[in-house]
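K.L.:
here's a sequence, model it:
(2 chains)
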There are 2 protein chains.
Amino acid sequence: MLKHVNSGVKMSGKYCRFCSRPAAVRIRYSGLLVCKNHFMEYFEKRVLRTIRKYKMIQEGDKVLLGVSGGKDSIVLLHILADFQNVLKFEVIPLFIDLGIQLGNYSRISCKVVEENCKKLGLDVNIVKIQDEYGLSIDKIFTKKLKRPICSVCGLIKRYVLNRKALEFSADKVATGHNLNDEATVLLQNIVNTNIDLLSKFGPVQPALKGLLVGRIKPFFETYEDEISLYANFKSLDYVDIACPYSEDALSLKLKTIITKLEDIRPGSALTMVRGFYKKIKPLLQGAQEEKINKCKICKMPTSTEICSFCRLKQRIAKQILSTTS
Amino acid sequence: MLKHVNSGVKMSGKYCRFCSRPAAVRIRYSGLLVCKNHFMEYFEKRVLRTIRKYKMIQEGDKVLLGVSGGKDSIVLLHILADFQNVLKFEVIPLFIDLGIQLGNYSRISCKVVEENCKKLGLDVNIVKIQDEYGLSIDKIFTKKLKRPICSVCGLIKRYVLNRKALEFSADKVATGHNLNDEATVLLQNIVNTNIDLLSKFGPVQPALKGLLVGRIKPFFETYEDEISLYANFKSLDYVDIACPYSEDALSLKLKTIITKLEDIRPGSALTMVRGFYKKIKPLLQGAQEEKINKCKICKMPTSTEICSFCRLKQRIAKQILSTTS
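P.N.:
Numbers count the residues shown, from 1 in each chain, chains lettered A, B, ... in the order given. As a prediction, this is how the structure comes out:
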């Protein structure tokens, strides 16, 4: 986690580790002091190292990147666009319009994504879930499903990303999940003893030919506040307001636990996420093996007969029918 | 975790689940409302169920109970004294005088333990580590060992409890570790990815004939605030001040994380501790098997040649010699 070195105060001897400029940032878990430029260099190198360490991208890959407009995916968009030449791959940005009219959220987000892509000379692909699947988060929210709205939204995004990746013949799907997100999910799954999800925890989700495109998380080992700082140093334009539906999300509350843990023992999220993935997850393998089928309706992957996305659509359709009858 | 039902306010319909008395307590994770008497009954039954569930005590057992004078061990002392007839075993209280003169801590604690034992008609055994091993926490603290003082103290208590249990031919050693303690240790070992300690996590530590007496934690599934409330309802006398050395203890800071987690999602500590023990720990078995030897100096169990307790004594003796030479 980061702590700004207070630049308003005269700091004797607080200089960048790599040059003679005054330090602008102190990386708390390592104690490293760096200037603005060297922080950006450090940040980019760190992400590149994560991509290489977990063999996330291969030469010639087409990587579909889900860009929501939030800081994580916007920073990832810029970083991956930069890395295209070094790693020899192609990034394809995809914006999913979830149909959130509340606070003009989806419209604002879409505009931000389009502008960032334009600056980078990238074509953005837009999927309006209202047009393609007859759904919108606004509509789903009124249906009062038992499942929390954030969980429904996550399901839709995962489904659409995979479906579009298959349509575009992409080799990978990349998302902006950061270290704090991963530590939160890990904690949540430990609290719930969800062995199935724990055994799938990691920076890379394997592909399943013709059904599931492999997923990668280049920010798996990058703290959220480092991403914010990078976005600010680079003056990137991103959507700085939380989704209007996320207010009461359990995951957001649990995230504050990770922040507190990090305050008490800097570096905790990193050692926990990395250590669990490296040493504990392999021991959970084979705890639960599940068979993957093709959904009878949409042909997308599912462990049952009909996938969760189609079941969601059915449930909503049923509710609409019962209301109008 | 518990929340008192405010008894000063007229509460329409807030009655005990089991009788017609007004509710005095609401068990937050289950929503159960109970009066003072039924809370105590509920509490005792719960501990008895834990003892039976994990087969902690067998008929005829001699159980050595480490009593520090704090609320956990004082409540456990009273509960085990009560259970002696039902479960047909004998409880032997042991107080370890750690030689903490700061704030008169050891003296006050000893007096509290003696008085509680007297009330219960039990003989208390007192081990003064200064007399038996030439050590005291006050003395060790000044030596500035690399290991935190709480960790050194824990080592000494574990050692003395086991050694005395062997001397008394006790069948079990019982300690007052509660659910919050266990959840904290679990979180700490997950953050540190300490597979060795994680694979030993649980309410019962097995015995090793002639070397290690089996350890039991009857409060493994009991929240700390339930123990406090029980102590207050029963008007038990216990040491209510924290050890003067514990102020900066990492474990105390981590414990606040568990409290926060419980605030966000009541019942989290219970599902986490129970679920980890039941479903994840068995998968970690065999991850690291260690050979247990007899310490060359004191003949107590160790995984190396000389046990940690004797090494601690050697280190302190060496420091004393180097200071006086």
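K.L.:
tell me how many other residues surround A:Lys55.
P.N.:
10 (other C-beta atoms under 10 Å in any protein chain shown). C-betas here are computed from N, CA, C, even on glycine.
K.L.:
got the contact list for stretch A:298-318?
P.N.:
Here stretch A:298-318 makes contact (C-beta atoms under 8 Å, 6 or more residues apart in numbering or on different chains) with A:133-135, A:139-140, A:143, A:145, A:152, A:155-156, A:159, A:162-163, A:208, A:211-212, A:290-297.
K.L.:
now, which of these lie within strands?
P.N.:
Counting by DSSP state E, the contacts of stretch A:298-318 place A:Asn293, A:Lys294 in strands.
K.L.:
selection in ChimeraX covering whichever of the contacts of stretch A:298-318 are buried, please.
P.N.:
In ChimeraX, a selection of the buried entries from these looks like this (16 or more other C-beta atoms under 10 Å in any protein chain shown):
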select /A:133,135,140,152,155,156,159,162,163,211,212,295
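K.L.:
from A:Leu321, how far off is A:Ala207?
P.N.:
Look at A:Ala207 and A:Leu321: by C-beta to C-beta, to the nearest Å, they are 37 Å apart.
K.L.:
so which bits of the stretch 201-325 of chain A are right by chain B?
P.N.:
Residues of the stretch 201-325 of chain A lying near chain B by C-beta under 8 Å from any C-beta of the partner chain: A:250, A:253-254, A:256-257, A:260-261, A:264-265, A:268, A:271-272, A:274-276, A:278-280, A:283-284, A:287.
K.L.:
do that again at 7 Å, thanks
P.N.:
By the rule C-beta under 7 Å from any C-beta of the partner chain, the part of the stretch 201-325 of chain A lying against chain B is A:250, A:253-254, A:257, A:260-261, A:264-265, A:268, A:271-272, A:275-276, A:279-280, A:283-284, A:287.
K.L.:
buried ones among the residues you listed?
P.N.:
A:254, A:257, A:260-261, A:265, A:268, A:271-272, A:275-276, A:280, A:283-284.
K.L.:
thinking again about what came up before, out of A:Ala207 and A:Leu321, which sits in the busier spot?
P.N.:
Using other C-beta under 10 Å, the more surrounded residue of A:Ala207 and A:Leu321 is A:Ala207, with 16 against 9.
K.L.:
now that one: closest residue in space, sequence neighbours ignored.
P.N.:
Leaving aside its chain neighbours, A:Ala207 sits nearest to A:Gly214 (3.7 Å; criterion: C-beta to C-beta, 6 or more residues apart in numbering or on different chains).
K.L.:
run a quick neighbour tally on the one you found.
P.N.:
For A:Gly214, the neighbour count with other C-beta under 10 Å is 18.
K.L.:
beta partners for it?
P.N.:
For A:Gly214, the beta-bridge partners under DSSP bridges are A:Lys172.
K.L.:
what does stretch A:76-94 contact?
P.N.:
Defining contact as C-beta atoms under 7 Å, 6 or more residues apart in numbering or on different chains, one finds that stretch A:76-94 is touched by A:44, A:47-48, A:57, A:59-67, A:113, A:116-117, A:120, A:122, A:124-125, A:127, A:161, A:164, A:168, A:170, A:174, A:176, A:218-219, A:234, A:236.
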